[in-house]
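Undergrad: missing the sequence, but the structure's below:
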């Protein structure tokens, strides 16, 4: 049946989104640990990958929240889900290329809403649910996380005034391993669930599952693997921005920031809010910069990021809507296949462009010179090291 | 305002967030400080001398440090437990 083929493409696209979600978010847990040297870059991403994998299995509260509280799930079709994923993936790739930490969750939600708007118009979107469950938490969570991190950083520096600098750095680097691990675990429980929810939704739309069913085991395993593989590949560009571009970070700040992130994410999801781990992590890092006297905070970089955050929902929505119009316009299976091919071509393009200004585990810690890819001087310093 | 923000949940998130997100690093810091304290005999004025080593050699300090780290680990364990049990 044609629908089966579309379903296969949708599942593949969803797992691809999960993969981009993985490497986009590695930095949330590991950027501070890599920047301070608490963990060598490749070990950090490997650890994060393993913990994401474990975390994905820990909690089975499948978030059909992605669609149930945001759009009218009775009108969702496979093509809508597909177009939504395309919107999310393309936005993730664009922001990854630019080294901007942006929310994969919002990219996914934006894409799905955009595609739904294109398919069924504004009445199909539950605007109140969107505001209450997505937009308002998105505004509040970085502020809360930042505040907690600022407080923690300030208190930590006061408490350890009598310890020698080297000993303090050493001790907090060990602490960072623990706090970064917790964030990776929290991320695995949170973000893998979203893709599981989308695939489940696709299965429901296809008719394989009845409404309200739980995710089948193969969905859980494949999503867990996809996100952990993506994490291991390591979004070095984003890691660099988070670890070097925002704040020149010391290990006590790193530990305070990651602890604040882990606490905020775990608490909020306990109460049912599906947060953006990126917003929380970035807020924490900024907060830790504020909390240490004499720390430099590059507000221009923060401002660029905030702009990216504000436009994530509408931008990915626009791409999702476009993808829907194109796929639906061409019609049927051919439409989905053609847009799938376009997606692969665009992704390949981003990847090729990124190789020209390559950021990897070797230069991720080079001095920040104003843009995500290190300058000539930065490269020279790395080569000399 | 109440239909937009669940103030009850927000309050709990902020309070427990501060206790766990800021409190645990502070507890860890207290542990580090206790760990690095030098033995009582080595003092300059009223302040214990530290020579930039992680373990300063004071057995009482070590005890306090172990207790602090144990509490931090227990809190992390409780955190993982609540993830699993709320699934």
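TA: Perfect, thanks for sending it. If you're wondering where the values come from, they're calculated on a predicted model, not measured in any experiment.
Undergrad: packing partners for the lengthiest helix in chain B?
TA: Ranked by residue count, the top helix of chain B under DSSP state H comes out as helix B:59-85. Helix B:59-85 sits against helix A:41-58, helix A:165-206, helix A:251-270, helix B:23-35, with contacts defined as 3 or more C-beta pairs under 8 Å, 6 or more residues apart in numbering or on different chains; DSSP states H and E. (Glycine included, C-beta is placed from N, CA and C.)
Undergrad: out of those helices, nearest to residue A:339?
TA: Closest approach to residue A:339 among those (C-beta to C-beta): helix A:165-206, 15.3 Å.
Undergrad: average pLDDT for that closest one, rounded please.
TA: Averaged over helix A:165-206, pLDDT sits at 87.
Undergrad: next, the angle helix A:41-58 makes with that helix.
TA: 40 degrees (axes from the mean of the first three to the mean of the last three C-alpha atoms, to 10 degrees).
Undergrad: anything in helix A:165-206 near chain B?
TA: Yes: contact of helix A:165-206 with chain B (C-beta under 8 Å from any C-beta of the partner chain) involves A:165-168, A:170-172, A:175, A:178-179, A:182, A:185-186, A:189.
Undergrad: do you know the pLDDT at the closest residue to residue A:195 other than its chain neighbours?
TA: Excluding the flanking residues, the one nearest residue A:195 by C-beta to C-beta, 6 or more residues apart in numbering or on different chains is residue A:18, at 4.1 Å. According to the prediction, residue A:18 has pLDDT 92.
Undergrad: which residues sit in contact with the spatially most central residue of chain B?
TA: Taking C-alpha atoms, centre = their mean, the centroid of chain B lies closest to residue B:27, which sits 1.9 Å from it. Residues in contact with residue B:27 (C-beta atoms under 8 Å, 6 or more residues apart in numbering or on different chains) are B:68, B:71, B:72.
Undergrad: what about residue 81, how many residues nearby?
TA: Chain wasn't specified; assuming chain A. Applying other C-beta atoms under 10 Å in any protein chain shown, we find 30 other residues in the vicinity of residue A:81.
Undergrad: my question was about chain B, not that one.
TA: For residue B:81, the neighbour count with other C-beta under 10 Å is 10.
Undergrad: which residues of the stretch 251-385 of chain A lie near chain B?
TA: A:252, A:255-256, A:259-264, A:266-268, A:270-273.
Undergrad: from the residues you listed, list the buried ones, please.
TA: Taking 16 or more other C-beta atoms under 10 Å in any protein chain shown as the criterion, what is buried in these is A:252, A:255-256, A:259-264, A:266-268, A:270, A:273.
Undergrad: still on that earlier bit, farthest pair within the residues of the stretch 251-385 of chain A next to chain B?
TA: Every pair of those checked by C-beta to C-beta; the farthest is A:252 and A:272, at 32.5 Å.
Undergrad: that older thread, between the residues of helix A:165-206 next to chain B, which is closest to residue A:241?
TA: Nearest to residue A:241 among the residues of helix A:165-206 next to chain B, with distances taken as C-beta to C-beta, is residue A:179, at 19.8 Å.
Undergrad: in contact with the closest residue to that closest one other than its chain neighbours: list those residues for me.
TA: Once flanking residues are discounted, residue A:179 sits nearest to residue A:258: 3.7 Å by C-beta to C-beta, 6+ apart. Residues counted as contacts of residue A:258 (C-beta under 8 Å, 6+ apart) are A:29, A:32, A:33, A:176, A:179, A:180, A:182, A:183, A:281, A:284.
Undergrad: ok, 6 Å please
TA: A:32, A:179, A:180, A:183 (C-beta atoms under 6 Å, 6 or more residues apart in numbering or on different chains).
Undergrad: now, among the contacts of residue B:27, which is nearest to chain A?
TA: Comparing the contacts of residue B:27 against chain A with C-beta to the nearest C-beta places residue B:72 closest, at 7.8 Å.
Undergrad: residue B:28 is in contact with the closest one, correct?
TA: Yes: Residue B:72 is within contact range of residue B:28, at 5.4 Å (criterion: C-beta atoms under 6 Å).
Undergrad: and the two? Which one has more around it.
TA: Just comparing residue B:72 and residue B:28: by other C-beta under 10 Å the higher neighbour count belongs to residue B:28, 28 against 21.
Undergrad: measure the more buried one to residue A:38 for me?
TA: As defined by C-beta to C-beta, to the nearest Å, residue B:28 lies at a distance of 14 Å from residue A:38.
Undergrad: re earlier: tabulate the buried ones among the residues of the stretch 251-385 of chain A next to chain B (a markdown table), appending pLDDT.
TA: Output for those, formatted as a markdown table (pLDDT from 0 to 100):
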| residue | pLDDT |
| --- | --- |
| A:252 | 92 |
| A:255 | 94 |
| A:256 | 94 |
| A:259 | 94 |
| A:260 | 95 |
| A:261 | 94 |
| A:262 | 92 |
| A:263 | 91 |
| A:264 | 91 |
| A:266 | 83 |
| A:267 | 84 |
| A:268 | 81 |
| A:270 | 74 |
| A:273 | 74 |
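Undergrad: from chain A, which residue is nearest to chain B?
TA: For chain A, C-beta to the nearest C-beta, closest residue to chain B: residue A:164, 2.9 Å.
Undergrad: for that residue, give its distance to residue A:256.
TA: Counting by C-beta to C-beta, the gap from residue A:164 to residue A:256 is 19 Å.
Undergrad: my guess is residue B:13 contacts residue A:266, does it?
TA: No: taking contacts as C-beta under 6 Å, residue B:13 lies outside contact range of residue A:266: 9.9 Å.
Undergrad: what pLDDT, on average, does the host helix or strand of residue B:17 get?
TA: For residue B:17, the host element (DSSP states H and E) is helix B:7-17. Per-region confidence: helix B:7-17 scores 89 on mean pLDDT.
Undergrad: cool, and stretch A:337-353?
TA: 89.
Undergrad: can you give me the strands in the stretch 101-250 of chain A?
TA: Counting by DSSP state E, counting those that start in this stretch, the stretch 101-250 of chain A has no strands to list.
Undergrad: how about the residues of it near chain B?
TA: Proximity of the stretch 101-250 of chain A to chain B, by C-beta under 6 Å from any C-beta of the partner chain, involves residues A:132, A:136, A:148, A:151-152, A:155-156, A:159-160, A:163-164, A:166-167, A:170-171, A:175, A:189.
Undergrad: alright, calling it a day.
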